[in-house]
Each structure stands twice: as C-alpha cells, then as structure tokens.
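Asker: following is a predicted model, sequence given first.
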Amino acid sequence: MSHLQSIADDLGVPLDRDLFLRNVIRELTGTLEEVLGTSEVSCFMSIVGQTLGEQIDRDYKQSLGASTLTREQVAEVLVDLTRRIREDFCVVEEDENKIVFGNRACPSGNQVLWHAPLFMITSSIFGVIVAENLGYAKVEMQETIAKGQHGCRVLVHLNPTPEAEAADGREYLKAT
C-alpha cells in the first residue's frame, strides 16, 4: 500500500462510487435544466424512465414466469423495485381504480432536491409497468422529495375514470 493510499484512507473524505454517481446525476440534471429548461429535461427524463420501465417490466415477468402481471403483482413489483434501489415506497391505498404509494427515502438522497425533472423517471417507470400489465395508467406525482417535500405520494390511476381525467398527471398506455 502506498503512503498516499494510507493517508487517503484516514482522511474520511465522504466519497464513494454511489455518492459520486448521485453527484454526477445532480450536476448533469442541473446543467441540462440551465441550458435546455425544466420542461425539456422532464421530457428527456421521461424517455429514460420509459426505457428503464420496459426493461424492469421484462425482468420481473421473466423472473415470475408470467406474460402479464395482476394488479396485486404490479403493486408488489413497484414496491420491490423501489426497495432494491433504496427507496422506501409502500402501498398506502389500493382499489380497482387506483394504487396510492407513499415514500420516505430517495435513492439519490438530498442530491435531487430542487431537480424536479428527476421525478419523471419514477413516473415513467411506474406508468410503463402499470400500463404494460393493466392496459392504462395515469401517474400523479402529488408530492416529491425532489420538490423539497418530506416524502413522495404517487397516485396511479388504473382506469380512465372521470377522476383520472381530471387529475394532473401523465398517461401511459400499453404498447401495441
């Protein structure tokens, strides 16, 4: 071990791969927002979330040996995938028309504060997985850590009801 390595180990610099990647995401998002604007970055993040959602959906279906997931399985998958990335989502309420999720932890921690376009990734992942399995989703990000709130509250409409149509959110349909 080099002398510099032993000194570096003793410095207690709060940097590791996870923190570094979260900082990269924060800085990249902030720079894109400054250059392109929040709306354009939100669109870009929704595409990233869509691609991730499609892959995650395929992975869970393959693992479960299912061609489609039930509403209960969709809720379980969304909670499980968020647990795996160190979020703390849980189902707050569920019925045939909606699933409400709550969350108290973001995988990016404070690195996402005030970078609202990042929540489009969650919206798209949730929307794609729900729509691909149940045919329709409208995702309302009612509260988000990225907007400085203490947690997230995500309402996923499962059917195009009058309540869903009146809601402020993004719609997702099953790919044909």
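Answerer: Good, I have the coordinates.
Asker: what comes up buried for stretch 133-144?
Answerer: Buried residues in stretch 133-144, counted by 16 or more other CB atoms under 10 Å: 133-134, 136-144. From N, CA and C alone the C-beta is placed, and that goes for glycine too.
Asker: chain center to that stretch: distance?
Answerer: Centroid displacement of stretch 133-144 relative to its chain, using CA atoms, centre = their mean, to the nearest Å, is 11 Å.
Asker: hmm, back to that, could I get the buried residues of stretch 133-144 in JSON lines, plus columns for distance to Pro14, secondary structure and pLDDT?
Answerer: Below are the buried residues of stretch 133-144 laid out as JSON lines (distance: CB to CB, whole Å; DSSP: H, G, I helix; E, B strand; the rest coil; pLDDT from 0 to 100):
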{"residue": "Asn133", "distance to Pro14": "40", "secondary structure": "helix", "pLDDT": "98"}
{"residue": "Leu134", "distance to Pro14": "42", "secondary structure": "helix", "pLDDT": "98"}
{"residue": "Tyr136", "distance to Pro14": "44", "secondary structure": "strand", "pLDDT": "98"}
{"residue": "Ala137", "distance to Pro14": "38", "secondary structure": "strand", "pLDDT": "98"}
{"residue": "Lys138", "distance to Pro14": "40", "secondary structure": "strand", "pLDDT": "98"}
{"residue": "Val139", "distance to Pro14": "34", "secondary structure": "strand", "pLDDT": "97"}
{"residue": "Glu140", "distance to Pro14": "35", "secondary structure": "strand", "pLDDT": "96"}
{"residue": "Met141", "distance to Pro14": "30", "secondary structure": "strand", "pLDDT": "91"}
{"residue": "Gln142", "distance to Pro14": "32", "secondary structure": "strand", "pLDDT": "93"}
{"residue": "Glu143", "distance to Pro14": "28", "secondary structure": "strand", "pLDDT": "89"}
{"residue": "Thr144", "distance to Pro14": "25", "secondary structure": "coil", "pLDDT": "81"}
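Asker: can you name the two of those that sit furthest apart?
Answerer: Farthest pair in the buried residues of stretch 133-144 (CB to CB) is Asn133 and Glu143. Separation: 24.9 Å.
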